[in-house]
Structures are given as structure tokens and as C-alpha cells.
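Engineer: structure of the sequence below:
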Amino acid sequence: MARSALATSLMCLPLLSACIVIDADGDGADFTASVDRGGAGTVYGAEIAGEAITYRVTSNGCTDEGNFHVDVNRHDDHFHIELDRIRDDNCRAYLRDGTTVSWTYEELGLPEDAKIVIANPVRRR
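Structural biologist: All right, here's what the predicted structure looks like:
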């Protein structure tokens, strides 16, 4: 009986994992550092450490903080942070792992104890 329950549980695992889906498959070859006119730009990842937010983003070799606008919206007791690319990176040195860009809480006008939600979709490299 226990063996049957274990087998049933293992067969149901894929069904449970379907509840969390990240559309992040692909090799990144078609993912260039250009303006995303459809809303929040896709990022490779984000990290909140100390009092700074650092994003890993696509880059063709010339991407820096000036390529982006950071939209900060307060929602009750937390802040939604959305990174939008506003300027293309027209260089030709495609960087598979992208590059990092970061902003301090002070630069974004956030309090030290801010609760932050990263609004950008994440895509694997």
C-alpha cells in the first residue's frame, strides 16, 4: 500500500510543479539589448543587497544605467520597481551573460526599510 501511495505521489509531482511556470527557456541568441516597447523590460535577474538594487540585463557591449528608466511605484507598504530600457545598445559585442546596472535606495528615493517587488519578467541566459 505504501509503495502504491509513493508511486502516485511521484506521478503527481509534475502536476504540482506546473503551478509555478517561468517562461525563461531559450539560448538568448535572439535576445538583444534593444528598447522593449511592450512594458517592463525582461531582465536576466535582480539582486537587492545592502541598500542597492542590481539588475543583470542584456548588453551588446555599451549598456549602462543611462540606457534605463527606473519606475518606482508605492503600493501600500511596499514599492514596485520596474526597469525600462529607454535607449538601445547598438554596439556589436554581444555579451552572453549581459552586464549589471544598479541604483542605490537613495537614488531611487526609497526608505532604508523599503519592501521591494521587482516588476520585471526574468529570462534565463
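Engineer: please enumerate the helices of the protein.
Structural biologist: Taking DSSP state H as the criterion, the chain carries its helices at 2-17, 105-108.
Engineer: which stretch in those helices has the least confidence?
Structural biologist: Taking each of these in turn, the one with the lowest mean pLDDT is helix 2-17, at a mean of 44.
Engineer: pLDDT weak spots in this structure?
Structural biologist: 1-40, 125 (pLDDT under 70).
Engineer: where along it do the strands fall?
Structural biologist: Listed in chain order, the strands found in the chain under DSSP state E are 45-49, 52-57, 68-75, 78-85, 99-104, 116-118.
Engineer: got the angle for the fifth one vs strand 52-57?
Structural biologist: Orientation note: strand 99-104 sits at an angle of 160 degrees relative to strand 52-57 (axes from the mean of the first three to the mean of the last three CA atoms, to 10 degrees).
Engineer: now strand 99-104 against strand 78-85, angle please.
Structural biologist: When the same axes, to 10 degrees is applied, the directions of strand 99-104 and strand 78-85 differ by 140 degrees.
Engineer: do the same with the second one
Structural biologist: Here strand 52-57 points in a direction 40 degrees away from that of strand 78-85 (the same axes, to 10 degrees).
Engineer: a markdown table please, covering the strands of the chain and showing mean neighbour count and distance to C91.
Structural biologist: Backbone N, C-alpha and C define where each C-beta goes, glycine included. Formatted as a markdown table, the entries for those read as follows, by neighbours: other CB atoms under 10 Å; distance: least, CB to CB, whole Å:
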| stretch | mean neighbour count | distance to C91 |
| --- | --- | --- |
| strand 45-49 | 14 | 21 |
| strand 52-57 | 20 | 14 |
| strand 68-75 | 13 | 16 |
| strand 78-85 | 18 | 14 |
| strand 99-104 | 16 | 11 |
| strand 116-118 | 15 | 26 |
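Engineer: L110: which of those is closest?
Structural biologist: Shortest separation from L110 across the strands of the chain is recorded for strand 78-85, at 6.1 Å, computed as CB to CB.
Engineer: just checking: what are the partner strands of that closest one?
Structural biologist: Partner strands and pairing direction for strand 78-85 (DSSP bridges) are strand 68-75 (antiparallel), strand 116-118 (parallel).
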